[in-house]
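*Asks:* return a 3D structure for these sequence lines:
(chains A and B)
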Amino acid sequence: MDMTTDIGTERRGYRRMVVNRLAVLEGTAQRGTGGVAMAVLVILWELFCRTGLVSSLYLPSPWAIVNAGMEMVGSGELLNNTLASLYRIGLGFLSGSIIGIVAGLALGFSRLAAAVGNPVIYALYPIPKIALLPLIILWLGIGELSKVAIISLGVFFPVFINTYSGVKNVDPLLIRVAVSFKASRLNLIRKVILPGALPVIFAGLKLAAGTSLLLLVAAEMIAAKEGVGAMILHYGDLMLTTKLMVGVVTLSLLGVAFNQGLQWLENRLIRWKH
Amino acid sequence: MRVVIDQVSKQYQGRNGQELMALSDVNLIVNQEEFVVLVGPSGCGKSTLLSMVGGLLSPSSGSVYVEELESDRDYAVGMVFQEIGLFPWRTVAGNVAFGLEEAGLASAVVRERVEEYVTLVGLNGFEKSYPHQLSGGMRQRVGIARALATRPDLLLMDEPFSALDAQTRMLLQEEMLRIWNQTRLSTLYVTHNIQEAVYLADRVVVLSRRPGRVVSIIPIELPKTGRDKEPHLTAFNQYVEAIWGLIRHDAEDALREGEE
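*Replies:* Prediction:
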C-alpha cells in the first residue's frame, strides 16, 4: 500500500470544494493604470472646454494652458519665477529640516533638554505659521530672508515632532546592545538612534514638503515681485486665467518632483527596508 | 579573571507603589573558563541579574565586580539577547563589526575578525545580507558572532535560543557547545530550559521564584560533550530530574499567578 497519500481511500457522503475566501483582497492593478486614468481625465477636460459650454475665462482648456506655458518658457518668464521660488523653498526646507532633526535628536536624547524645550515648542506649534509672516517681515524686512524664514519655520515643526517621536520609539533593545559594547554617546546617536528614527523622520520630511509649498505661495502672494505665487496672483488680477493656470500646473509639478525626490532619497538611505 | 556577584539585591517600584523584591542576597562567582547557567521559573529575576553583570542595570544593594585581572584594565563583556537585537540597517558583516568598531580597532583588523567569526558560526556567503533576509536561527548566529568577535572576558547570554523553534534550538545548542570548546570563554547563561542547562553547564545555579534567591548550585560532573548520549544519558536525566524537583513547586506557583 502507498504510505505517502490518503487520496483514493474509500469515501462516503457529499463533496464540497474549499474556496479561498480571501481572493477578493488579492486583486492587483496593472502597471500604468494611473497614467491612463490621468490621460483620460485630461482628454475629457479638453473635450468639455471645446463644447463651448463654459468660457475659457473660467476654465481654460489643457491645450491652451500648454501653449501659454510654452510661450512663457520661451520668454524666460516661467523659468525666472520658478527659479526664484526654488531658491526660497530650497533654502527654507533645508534649514528648517536640519534644525528640526538636530533639535529632535537633542530633545529626544536628553531628558533635561526635553523638559526645557518641549513646552516652548508645543506652545508655538499650534500657531498657523502664516499668521507670523507680518511679524517676521517686521523683523527681517520684506526681502528674501523673511520668506526663507517663514518656510523654514513651517518645515521645522513637523520635522522636529517626527524626529522626536522617532527617537523615542527606537527599540530599547538596540540601545542596550550598543551600550553593552560600550558605545560612546555620540556613536549611540549616530549609529543607533539616528538610523532607527530615520523612517519616521522621512515621514516628517514628506509632511513638511506640503507645508513648505503652502507657505512659499502664501509668502510670495503677500510680498514678492518674483516667484510662482506672485505670478499666479498677478495673472489673477489681470484675469488672464490661462497664464494663471500655468502657474498652478507648475506648482503641481513642483510638488510631485519634490515628493519624488524625497522618495528617492529615502530609498537610498533606508535600503535595508527593501 | 573571575566575576563576583556579591550580596546583590534588586528592588523595583511596583505599579501601585509597593516595593517588589526581584532578587535577594545573591552570591555567585563565575570563574575563568567556566560555563555557569542560571535556571529558575519565570519571574525569578535571572535576566535582571544578567543585566546587572552586563552593566545595564544597577543593583539596589550589593555589588558586581571582576577580580584577579592580570592588569589594571577595563574588561569587556559580550552579550547575547533572546530577542537578538541585530541592527536592521546593518548587514551581517556590519552587525558583527559593531563591537569591534566601538572597541576602536583598525578597519583591517575589523575586517579580519568579522571574517573569522562569521566563519565560526557558519554564515559564510551571508556577509552582505540584512537581518530581515535571514531565518531566526541564522540571526541568532549573527548575534553570537557579534558578541564573540570582540573576544570579551565574559560572555553573557540571556535565553538566547528560547524564541527559536525546537529543531533550530537543538542544532544551536550543539553548535554553542562546539564554539565554547574552541573559545572557552567565561560564560554566564540564563535559561528556563533545564535540559539546556544540564547540557551546557559546568555548574547550574537554581534560583527561586520572587524574590530570586540561590536555592542550589549543582556542579555537572559529566564530560563537556556527548552528555545527552550513552553512557551519560542516565546521569544526564538524573540531573534534569533533580533540578526540576527544585523548581517545580515555584513553577506551579508562577503558572497560577501568571506572568507579571
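
*Asks:* state the distance from the residue of the stretch 151-260 of chain B found nearest chain A to B:Glu257.
*Replies:* Closest approach between the stretch 151-260 of chain B and chain A, counting by C-beta to the nearest C-beta: B:Leu156, at 8.0 Å. (C-beta placed from N, C-alpha, C; glycine too.) Taking C-beta to C-beta, to the nearest Å as the measure, B:Leu156 falls 28 Å from B:Glu257.

*Asks:* assign the residue of the stretch 151-260 of chain B closest to chain A to helix, strand or coil.
*Replies:* On the three-state scheme (DSSP: H, G, I helix; E, B strand; the rest coil), B:Leu156 is labelled strand.

*Asks:* thinking again about what came up before, show me which of B:Leu156 and B:Glu257 is the more surrounded one.
*Replies:* B:Leu156 (27 against 12; other C-beta atoms under 10 Å in any protein chain shown).

*Asks:* which parts of the stretch 1-150 of chain B sit against chain A?
*Replies:* B:54-56, B:74, B:76-79, B:81, B:83, B:85, B:87-90, B:98-99, B:101-103, B:130, B:132, B:150 (C-beta under 8 Å from any C-beta of the partner chain).

*Asks:* now, of these, which are buried?
*Replies:* B:54, B:56, B:76-79, B:81, B:83, B:85, B:87-90, B:98-99, B:101-103, B:130, B:150 (16 or more other C-beta atoms under 10 Å in any protein chain shown).

*Asks:* what about stretch B:136-145, average pLDDT?
*Replies:* Here stretch B:136-145 scores 92 as its mean pLDDT.

*Asks:* please apply the same query to stretch A:205-225.
*Replies:* 91.

*Asks:* buried residues of that stretch, list them for me.
*Replies:* A:205, A:207-209, A:211-222, A:224.

*Asks:* any idea how far A:Ile121 is from the most centrally placed residue in chain A?
*Replies:* Nearest to the mean C-alpha position of chain A, counting by C-alpha atoms, centre = their mean, stands A:Lys206 at 3.2 Å. Using C-beta to C-beta, A:Lys206 is found at 20 Å from A:Ile121.

*Asks:* which SS class is the closest residue to B:His232 other than its chain neighbours?
*Replies:* Of all residues not flanking B:His232 in the chain, B:Leu222 sits nearest, at 5.2 Å (C-beta to C-beta, 6 or more residues apart in numbering or on different chains). Assigned with three-state DSSP, B:Leu222 falls in the coil class.

*Asks:* what do you get for A:Val116?
*Replies:* Under three-state DSSP, A:Val116 comes out as helix.

*Asks:* do B:Val8 as well
*Replies:* With three-state DSSP as the criterion, B:Val8 reads strand.

*Asks:* in this structure it contacts B:Ser61, no?
*Replies:* Yes - B:Val8 is within contact range of B:Ser61, at 7.4 Å (criterion: C-beta atoms under 8 Å).

*Asks:* between the two, point out the one with more neighbours.
*Replies:* B:Val8 (24 against 12).

*Asks:* re the thing from before, which ones are touching the residue of the stretch 151-260 of chain B closest to chain A?
*Replies:* Residues counted as contacts of B:Leu156 (C-beta atoms under 8 Å, 6 or more residues apart in numbering or on different chains) are A:180, B:50, B:53-54, B:77-80, B:187-189.

*Asks:* and for B:Pro152?
*Replies:* B:75-78, B:185 are the contacts of B:Pro152 under C-beta under 8 Å, 6+ apart.

*Asks:* just give the nearest non-adjacent residue to it, would you?
*Replies:* Leaving aside its sequence neighbours, B:Pro152 sits nearest to B:Gly78 (C-beta to C-beta, 6+ apart; 3.7 Å).

*Asks:* B:Gly45 now?
*Replies:* Closest to B:Gly45 by C-beta to C-beta, 6+ apart is B:Gly212, at 3.5 Å.

*Asks:* what's the local residue count around the nearest residue to B:Leu164 once chain neighbours are set aside?
*Replies:* Of all residues not flanking B:Leu164 in the chain, B:Gly136 sits nearest, at 5.3 Å (C-beta to C-beta, 6+ apart). The tally of other residues near B:Gly136 (other C-beta under 10 Å) stands at 15.

*Asks:* correct me if wrong: B:Gly136 contacts B:Phe161.
*Replies:* No - using C-beta under 8 Å as the test, B:Gly136 is too far from B:Phe161 to be in contact (9.6 Å).

*Asks:* what's the overlap in contacts for those two?
*Replies:* B:Thr168.

*Asks:* let me see the contact set for B:Glu241.
*Replies:* Counted by C-beta under 8 Å, 6+ apart, B:Glu241 has zero contacts.

*Asks:* distance from the chain centre to the helix or strand where it lies, please.
*Replies:* According to DSSP states H and E, B:Glu241 maps onto helix B:233-257. Distance of helix B:233-257 from its chain centroid, counting by C-alpha atoms, centre = their mean, to the nearest Å, is 20 Å.

*Asks:* equivalent analysis for stretch B:141-149, please.
*Replies:* 12 Å.

*Asks:* how about stretch B:15-35?
*Replies:* On C-alpha atoms, centre = their mean, the centre of stretch B:15-35 falls 14 Å from that of its chain.

*Asks:* got a pLDDT number for residue 103?
*Replies:* Picked chain A for this. So, for A:Ala103, pLDDT stands at 94.

*Asks:* wait, chain B was what I had in mind.
*Replies:* pLDDT, B:Ala103: 89.

*Asks:* cool, the one 4 residues further on as well?
*Replies:* The predicted local confidence for B:Ser107 comes out at a pLDDT of 92.

*Asks:* and it, how many neighbours?
*Replies:* Look at B:Ser107: counted by other C-beta under 10 Å, it has 10 neighbours.

*Asks:* same question for the one 5 residues further on.
*Replies:* As a burial measure, the neighbour count of B:Glu112 was computed by other C-beta under 10 Å and equals 13.

*Asks:* secondary structure element for it, which one?
*Replies:* Per DSSP H and E: helix B:107-120 holds B:Glu112.

*Asks:* mind listing what's buried in that helix?
*Replies:* B:110, B:113-114, B:117-118, B:120.

*Asks:* also stretch B:141-154?
*Replies:* Those would be B:141-150, B:152-154, for stretch B:141-154 by 16+ other C-beta under 10 Å.

*Asks:* okay, the residues you listed in JSON lines with secondary structure next?
*Replies:* Shown next, in JSON lines, are the buried residues of stretch B:141-154 (three-state DSSP):
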{"residue": "B:Arg141", "secondary structure": "helix"}
{"residue": "B:Val142", "secondary structure": "helix"}
{"residue": "B:Gly143", "secondary structure": "helix"}
{"residue": "B:Ile144", "secondary structure": "helix"}
{"residue": "B:Ala145", "secondary structure": "helix"}
{"residue": "B:Arg146", "secondary structure": "helix"}
{"residue": "B:Ala147", "secondary structure": "helix"}
{"residue": "B:Leu148", "secondary structure": "helix"}
{"residue": "B:Ala149", "secondary structure": "helix"}
{"residue": "B:Thr150", "secondary structure": "coil"}
{"residue": "B:Pro152", "secondary structure": "coil"}
{"residue": "B:Asp153", "secondary structure": "coil"}
{"residue": "B:Leu154", "secondary structure": "strand"}
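
*Asks:* thinking again about what came up before, which residues touch the residue nearest to B:Pro152?
*Replies:* A:180, B:99, B:146-150, B:152, B:154-156, B:185.

*Asks:* may I have whichever strand or helix holds it as CSV, with CA atoms only?
*Replies:* B:Gly78 belongs to strand B:77-80 when elements are defined using DSSP H and E. Listed next in CSV are the C-alpha coordinates belonging to strand B:77-80 (Å, rounded to 0.1, in the frame of the first residue of the first chain):
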residue,chain,number,x,y,z
VAL,B,77,31.5,41.8,28.0
GLY,B,78,29.8,40.3,25.1
MET,B,79,26.0,40.0,25.4
VAL,B,80,23.6,37.8,23.5
